[in-house]
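S.K.: Give me a model of this one.
(2 chains)
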Amino acid sequence: AQTVTQSQPEMSVQEAETVTLSCTYDTSESNYYLFWYKQPPSRQMILVIRQEAYKQQNATENRFSVNFQKAAKSFSLKISDSQLGDTAMYFCAFILFQGAQKLVFGQGTRLTINP
Amino acid sequence: KAGVTQTPRYLIKTRGQQVTLSCSPISGHRSVSWYQQTPGQGLQFLFEYFSETQRNKGNFPGRFSGRQFSNSRSEMNVSTLELGDSALYLCASSSGQGTQPQHFGDGTRLSIL
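M.R.: Presented below is the predicted three-dimensional model:
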């Protein structure tokens, strides 16, 4: 079975700072995808960034980037130049490459960006 | 392109009743997955439907069931409601392949009195 662990229940930074959210996962599979989703108070789950396990290059999306360490089963999210709108719950998630669309989520990190 | 639509947004029921939640996926998406979100257990996978067939089921009792129609719309049913069923129920749709990410709806907030 796959598991995802987010060790930081809450984080808080000042606007414009850089923040890194941690995520580790456990699987015996070799082909999978990793995602970061954000869930603002409006509660809709929004995809932030995704990483294919077979790619060594870390994914980036504007101010968001990941540090993917496959051997260590680590997948951290870095938010640069943080903005007030980044305030949300952030979930790390795992899905196998093939088979049912079953996302396995971590417990989430509540991120607050302060003005 | 319209997003994933879940109805209703809020629902209040009493113990013992049953409830049906609806999810309309993004046009062209054939896979619909359901998740339960609670403060204590976090986000847990309920089941996934692809082309009207249940492909996978999470570790939930038989009171939780679902179905998918030929237009890919999906419904989730919970019978004999218990207090612990109070949660945010999220629906997500995708093309059905692991290469494509899931897109979520706004969820249905179910409260059991």
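S.K.: Contacts only, for the residue nearest to A:Pro40 when sequence neighbours are not counted.
M.R.: Sequence neighbours aside, A:Ala88 is the residue nearest to A:Pro40 in space, at 4.2 Å (criterion: C-beta to C-beta, 6 or more residues apart in numbering or on different chains). (Glycine included, C-beta is placed from N, CA and C.) A:Ala88 is in contact with A:Lys38, A:Gln39, A:Pro40, A:Pro41, A:Leu111, counting by C-beta atoms under 8 Å, 6 or more residues apart in numbering or on different chains.
S.K.: The second one: neighbour count?
M.R.: A count of neighbours around A:Gln39, defined by other C-beta atoms under 10 Å in any protein chain shown, yields 21.
S.K.: cool, the third one as well?
M.R.: Around A:Pro40 sit 13 other residues, with neighbours defined as other C-beta under 10 Å.
S.K.: wouldn't it be in contact with A:Ile46 here?
M.R.: Yes. Here A:Pro40 lies in contact with A:Ile46, judged by C-beta atoms under 8 Å, at a distance of 7.5 Å.
S.K.: Helix, strand or coil: sort out A:Phe68 for me.
M.R.: Three-state call for A:Phe68 (DSSP: H, G, I helix; E, B strand; the rest coil): strand.
S.K.: beta partners for it?
M.R.: Beta bridges link A:Phe68 to A:Phe75, judged by DSSP bridges.
S.K.: And the residue of chain B that's closest to chain A?
M.R.: When scored by C-beta to the nearest C-beta, chain B has B:Asn56 as its residue closest to chain A, at 3.2 Å.
S.K.: What are the phi and psi values at that residue?
M.R.: Dihedral angles of B:Asn56 (phi, psi; degrees, to the nearest 10) stand at phi -160, psi 150.
S.K.: Against A:Ile46, how distant is it?
M.R.: 24 Å (C-beta to C-beta, to the nearest Å).
S.K.: got the contact list for A:Ala16?
M.R.: For A:Ala16, the contact set (C-beta under 8 Å, 6+ apart) comprises A:Asp81, A:Ser82, A:Gln83.
S.K.: should've said A:Leu34
M.R.: Counted by C-beta under 8 Å, 6+ apart, A:Leu34 has contacts A:Cys23, A:Tyr25, A:Arg50, A:Gln51, A:Ala53, A:Val66, A:Phe68, A:Phe75, A:Cys92, A:Ala93, A:Phe94.
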